[in-house]
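Peer 1: Please work out how this folds:
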Amino acid sequence: MKIPENKWLRAAIPALLLHCSIGTVYCWSVFSQEIADYIGFKKKAVEWAFSFAIFFLGMSAAFLGNVVEKNIHKSSLIATICFTLGMIGTGFFIMYGGKHQGSGLALAGIFICYGFIMGIGLGTGYLSPVKTLMLWFKDRKGLATGLAVAGFGAAKAFASPIMTKLLNAWNDGTEKTKGVGSGVYKMFWILGGVYFVMMFVGHLMLKKPEGWHEPAKGEKKPGILETIKTKPIGNYIGIWLMFYINITCGLALISQEKAIVKCIGLVGSAGLISTVSAIFNAGGRLGFSAWADTLKDRNTIYKLIFIISIVFTGLVMITSGIIKGEGNTLLIFLVLALIFIVNAGYGGGFSNVPTLLSDHYGMGSISAIHGITLSAWGFAGLTGNQLAQLIVDKTDKWLYDIGNHVYASAEEAKALGLDLDTLDKISPKGYQNVLYATGALYVVALVVCLILVRPSGKAAEAKAAKKAAAAK
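Peer 2: Numbering: from 1, shown residues only. This is a model prediction of the structure:
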């Protein structure tokens, strides 16, 4: 059966199928502790798998951008195979680790499968539908890319409860390691199969418009560096830097979200708050990008994101909201507002990058330039949550929690015979201090946004017309 040639069936739906699959990488916190327990490692050792996944997402996007540019069917197939192979391989090494507790081979296998192989699938899968969407939705490019990237952000909200049910499905006492059942690896196998079907269907449906002409083999096409140099080089550096800083600040706060919620006394609502923040993340991707379509200069969106983030970060800093928030309705509201706004701005930063780049450098090499720019995501994946953790680790006022109970001191926890290495460490002062770093970085991003990034799109055209009129 021939697929009708329209923008929904050839661009929007396949983009959602691809992004809703690969976006589940953000569900890592749902099962990371279970993986650590099952294979006999501490959680902090296993956490590097997620950091590697985000790093190789950015690096594969940077180095495979030209492949996406030349052939979206090849790139979307690479994404489908790598992502699902990484999922199934991760499940295999988790199973192996359960049978061989503390095995370095199991941990290395998880790093390779979840981090490297899946990371390649993430990068190519993220890039593949973006240019196609902008070609089909010429008048509403922001809305189109926002729709797809919103699928990436919303995947966590949809997949988390499903993953939780699969994790618990085999916890019947027949096969357990440290209280964790075999659902922890079977989940990867089941979802790997489901995502393969979704992504393969998206791969088959994805197609550029008939009227779009890509350079034929041997036809000269400007290189990435040549294209970037059509504007002052500082312009591109500015775009890369503000994208990197926005992700770094977002990951610094989002990675500590669960602990911050506990600090303000809402541990029982952590799951609900996580879902709401995922909705804000997806809403920011769609809302900010659609809004940008109506503006003369898309860079205005980044100015708004940074200003709003600075204001709410400053309010929580001034009021010591994380430290004094428990039992104070106003401070709880401010802390939650900060979490939701940072999530929305984090998502909005992603969805506006490809359209901002196309406004500056055109559509000719957009996949390759977008891919290079996504290297900022890779580096932020290695620095964002590590920055927050470093600041928290340097804070000496610790609280310890297990389940829904928070212990006021190490001594209290030790008196109850608890192993401190197995408990999550919570430091309200430490998480409050993280805001000083992210607040300063948001200010730097705003300065970069105002000084380095030039006007684009309608704003640049209006400025040129005004200059031409004055010359006459």
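Peer 1: mind listing the strands for the protein?
Peer 2: Remark: strands assigned in the chain by DSSP state E are 176-177, 180-181, 399-402, 405-407, 424-426.
Peer 1: who's in contact with residue 84?
Peer 2: 121, 192, 193, 195, 196, 199 (Cβ atoms under 8 Å, 6 or more residues apart in numbering). Placement of C-beta: from N, CA and C, glycine included.
Peer 1: so where's the protein shaky on pLDDT?
Peer 2: Scanning the chain for pLDDT under 70 picks out 1-2, 4, 171-181, 211-222, 396-413, 416-426, 457-472.
Peer 1: roughly how far is the longest helix anywhere in the chain from the heart of the chain?
Peer 2: Taking DSSP state H as the criterion, the chain has its longest helix at helix 329-361. Distance of helix 329-361 from the chain centroid (Cα atoms, centre = their mean, to the nearest Å) equals 12 Å.
Peer 1: can you list contacts of stretch 26-35?
Peer 2: With Cβ under 8 Å, 6+ apart as the test, stretch 26-35 has contacts from 43, 46-47, 49-50, 53, 94, 110, 153, 155-156, 159-160, 163-164, 167, 180, 184, 187, 258, 278.
Peer 1: er, stretch 428-438 actually
Peer 2: 249, 252-253, 256, 259-260, 263, 313, 316-317, 320-323, 387-388, 391-395, 397, 399.
Peer 1: Filter those residues down to the buried ones, PyMOL style.
Peer 2: Selection of buried members from these for PyMOL, criterion 16 or more other Cβ atoms under 10 Å:
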select buried, resi 249+252+253+256+259+260+263+313+316+317+321+322+323+387+388+391+392+395+399
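Peer 1: if you look at the contacts of stretch 428-438, which of them are in helices?
Peer 2: When these are checked against helices (DSSP H), the matches are 249, 252-253, 259-260, 263, 313, 316-317, 321-323, 387-388, 391-393.
Peer 1: Nearest spatial neighbour of residue 144, chain-adjacent residues omitted?
Peer 2: Leaving aside its chain neighbours, residue 144 sits nearest to residue 137 (3.5 Å; criterion: Cβ to Cβ, 6 or more residues apart in numbering).
Peer 1: Residue 41 too?
Peer 2: residue 107 (6.1 Å).
Peer 1: so who does the one you found touch?
Peer 2: Shown in contact with residue 107 (Cβ under 8 Å, 6+ apart): 39, 41, 45, 46, 93, 97.
Peer 1: Just the buried residues from those, in PyMOL please.
Peer 2: PyMOL command restricting the contacts of residue 107 to the buried ones, with burial defined by 16+ other Cβ under 10 Å:
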select buried, resi 39+41+46+93+97
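Peer 1: now the contacts of residue 107 in TSV, with distance to residue 116?
Peer 2: Shown next, in TSV, are the contacts of residue 107 (distance: Cβ to Cβ, whole Å):
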residue	distance to residue 116
39	18
41	18
45	17
46	15
93	12
97	17
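Peer 1: List just the nearest of the contacts of residue 107 to residue 273.
Peer 2: Closest approach to residue 273 among these (Cβ to Cβ): residue 46, at 23.7 Å.
Peer 1: ok, the closest one touching residue 109?
Peer 2: No - contact criterion Cβ atoms under 8 Å: residue 46 and residue 109 do not qualify, at 12.0 Å.
Peer 1: What are the buried residues along the longest helix of the chain?
Peer 2: Under the neighbour-count criterion of 16+ other Cβ under 10 Å, helix 329-361 has 331-332, 334-336, 338-361 buried.
Peer 1: ok, residue 228 - how many residues close by?
Peer 2: 22 (other Cβ atoms under 10 Å).
Peer 1: Report the contact partners of it.
Peer 2: Here residue 228 is in contact with 236, 361, 369 (Cβ under 8 Å, 6+ apart).
Peer 1: I'd guessed the last one sits against residue 224; true?
Peer 2: Yes - Residue 369 sits in contact with residue 224 when judged by Cβ under 8 Å, with a separation of 5.9 Å.
Peer 1: which neighbours do these two share?
Peer 2: Looking at what touches both residue 369 and residue 224 (by Cβ under 8 Å, 6+ apart), the common residues are residue 65.
Peer 1: ok, back up a step: what's the separation between the residue nearest to residue 41 and residue 17?
Peer 2: To residue 17, residue 107 is 32 Å away according to Cβ to Cβ, to the nearest Å.
Peer 1: In contact with residue 87, which residues?
Peer 2: Neighbour list for residue 87: 113, 118, 188, 189, 191, 192, 195 [criterion: Cβ under 8 Å, 6+ apart].
Peer 1: Let's have those in a markdown table, adding distance to residue 297 and neighbour count.
Peer 2: Below are the contacts of residue 87 laid out as a markdown table (distance: Cβ to Cβ, whole Å; neighbours: other Cβ atoms under 10 Å):
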| residue | distance to residue 297 | neighbour count |
| --- | --- | --- |
| 113 | 43 | 24 |
| 118 | 36 | 28 |
| 188 | 44 | 27 |
| 189 | 48 | 17 |
| 191 | 41 | 21 |
| 192 | 43 | 19 |
| 195 | 38 | 23 |
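Peer 1: now those in a markdown table, with distance to residue 127?
Peer 2: Listed next are the contacts of residue 87 as a markdown table, based on distance: Cβ to Cβ, whole Å:
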| residue | distance to residue 127 |
| --- | --- |
| 113 | 21 |
| 118 | 15 |
| 188 | 24 |
| 189 | 27 |
| 191 | 22 |
| 192 | 21 |
| 195 | 17 |
